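Q: Next come a sequence and a model predicted from it.
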Amino acid sequence: MDFKIKTHCTSIYTIAEIGQAHEGSLGMLYAYIDAVAKTGVDAIKFQTHMAHAESSEFEPFRVKFSKQDQTRYEYWERMSFTQEQWNEIGEYTKAKGLDFISSPFSNAAVDLLEEAKVDVYKIGSGEVTNLLLLEKIAQTQKPVIISSGMSSYQELDDAVQFLLERKADVSILQCTTAYPTQPEQYGLNVITELQKRYPNLKIGFSDHSGTIATGIAASTLGAEILEFHVVFHKDMFGPDVEASLTLEETSTLVEATKKIYTALKNPMDKANHQEFSSLKAIFEKSLAVNKDLPKGHVVCFEDLEAKKPKGYGIDASSYQALIGKKLVKDMKAWAFLTDDDIKN
């Protein structure tokens with residue numbers, strides 16, 4: 001399998017999560033693909049649900065938000081598409097220049113996505129301990145992105161080891177399973193912890209805050225992958241709307257992360273300031289007197305001013321050496337002070 005997540009190229013790898021924002025409408029889903037393709041993200045992510053394979057009548061509603069679904073099972077049924085539809089979704093996504101990513105929630109969904117030629121598998125945090133599903137995904141030899149939201153470090157370690165033993169290309173995202181995530185729940189510190197814990201893996205951030213600030217902060221901390229939910233606008237219907245970015249916010253975030261990536265790849269050496277030598281000559285200053293002063297006057301702090309440019313008098317940084325020294329000639333107000341004007 002020669003597909004690789006395009007990190008370490010020109011920018012952070014950005015994933016726009018559509019999730020359930022399409023509300024089971026194929027037309028809405030295609031509208032999202034068209035719109036997301038214009039934002040500059042690298043990939044679009046879906047969720048692949050097959051109610052009969054992943055759920056049962058006993059599954060509780062996480063949030064009772066829908067008046068048209070009596071059970072969670074009915075909701076998953078309404079969110080599903082056929083094999084032929086998924087095949088066309090994958091083809092259309094790639095034709096738009098986007099990587100095709102999806103989260104399967106059953107082994108049957110993996111079979112469906114394989115036929116649809118998915119590029120990358122995303123493991124939702126509720127599936128991290130589902131080794132049956134991880135085995136199925138590992139067998140595809142496709143890249144795998146793990147969301148760590150509900151997982152302890154031990155559970156995450158077990159899943160990562162399980163996948164690496166099967167030669168999977170694994171990435172990990174810090175994620176907080178809260179919609180929308182509040183600032184005290186972001187867990188930005190975990191990005192650094194994951195980087196230390198898994199130094200050979202790509203580490204990123206899955207955001208549910210509904211703001212661009214979080215993604216910007218994560219990218220500044222060195223996140224290599226950013227995932228975030230996207231909606232057309234925040235008055236839409238759906239369980240993840242409050243935790244999503246608008247398309248305009250998405251474009252802003254993508255542009256910001258590109259600049260941050262460039263900045264991080266070009267560290268500045270504060271010990272070397274040669275490139276500023278010409279600017280320093282313009283902005284730095286020389287000492288001058290601020291009033292007419294007679295020969296023999298003893299210079300005090302109140303007599304001095306610093307004026308541009310540097311090099312026309314004693315450097316302003318050396319003012320202390322002049323205090324208490326006598327002038328060897330009369331000085332006109334605002335004249336630069338040189339070593340020849342001072343009695344040593």
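A: That came in fine, so what should we check first?

Q: where along the stretch 101-250 of the chain do the strands fall?
A: Assigned by DSSP state E, counting those that start in this stretch, the stretch 101-250 of the chain shows strands spanning 120-123, 144-147, 170-175, 202-207, 225-231, 244-246.

Q: on contacts alone, who are the packing partners of the fourth one?
A: Right, strand 202-207. Under the contact criterion of 3 or more Cβ pairs under 8 Å, 6 or more residues apart in numbering; DSSP states H and E, strand 202-207 touches strand 170-175, helix 188-197, helix 212-220, strand 225-231. For glycine as for every other residue, the C-beta is placed from the backbone atoms N, C-alpha and C.

Q: Columns distance to residue 116, mean pLDDT and mean neighbour count on top of the ones you listed, output as a markdown table?
A: As requested, the helices and strands packed on strand 202-207 are arranged in a markdown table below (distance: least, Cβ to Cβ, whole Å; pLDDT from 0 to 100; neighbours: other Cβ atoms under 10 Å):
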| stretch | distance to residue 116 | mean pLDDT | mean neighbour count |
| --- | --- | --- | --- |
| strand 170-175 | 21 | 95 | 24 |
| helix 188-197 | 30 | 96 | 16 |
| helix 212-220 | 28 | 96 | 21 |
| strand 225-231 | 20 | 95 | 25 |
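
Q: mind listing the helices for the stretch 1-150 of the chain?
A: For the stretch 1-150 of the chain, helices defined by DSSP state H, counting those that start in this stretch occupy the ranges 26-36, 51-54, 72-78, 83-95, 107-115, 131-138.

Q: May I see the buried residues of the first one?
A: Across helix 26-36, burial judged by 16 or more other Cβ atoms under 10 Å covers 29, 30, 32, 33, 35, 36.

Q: if we can go back for a sec, reformat the strands of the stretch 101-250 of the chain as a markdown table; add distance to residue 276.
A: What follows is these, written out as a markdown table (distance: least, Cβ to Cβ, whole Å):
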| stretch | distance to residue 276 |
| --- | --- |
| strand 120-123 | 44 |
| strand 144-147 | 42 |
| strand 170-175 | 37 |
| strand 202-207 | 35 |
| strand 225-231 | 33 |
| strand 244-246 | 38 |
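
Q: if we can go back for a sec, point out the one among the helices of the stretch 1-150 of the chain that comes closest to residue 16.
A: Closest to residue 16 of these, according to Cβ to Cβ: helix 26-36, at 4.6 Å.

Q: Not counting its own residues, what contacts the closest one?
A: In this structure, residues lying in contact with helix 26-36 by Cβ atoms under 8 Å, 6 or more residues apart in numbering are 16, 18, 21-22, 44, 46, 81, 85, 89, 92-93, 96, 98, 230, 232, 247, 250.

Q: just stretch 165-172 next, same as before
A: Contact with stretch 165-172 is made by 4-5, 135, 137-139, 141-146, 148, 156, 160, 163-164, 194, 198, 201-204, 224-225, as judged by Cβ under 8 Å, 6+ apart.

Q: Put the alpha carbons of it into CSV.
A: The C-alpha coordinates for stretch 165-172 follow below in CSV (Å, rounded to 0.1, in the frame of the first residue of the first chain):
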residue,chain,number,x,y,z
GLU,A,165,2.6,-5.6,15.7
ARG,A,166,0.6,-6.0,12.5
LYS,A,167,2.7,-3.4,10.6
ALA,A,168,0.1,-0.7,10.6
ASP,A,169,1.0,2.9,9.8
VAL,A,170,-0.4,4.5,13.0
SER,A,171,-1.1,8.1,14.0
ILE,A,172,-2.7,9.3,17.3
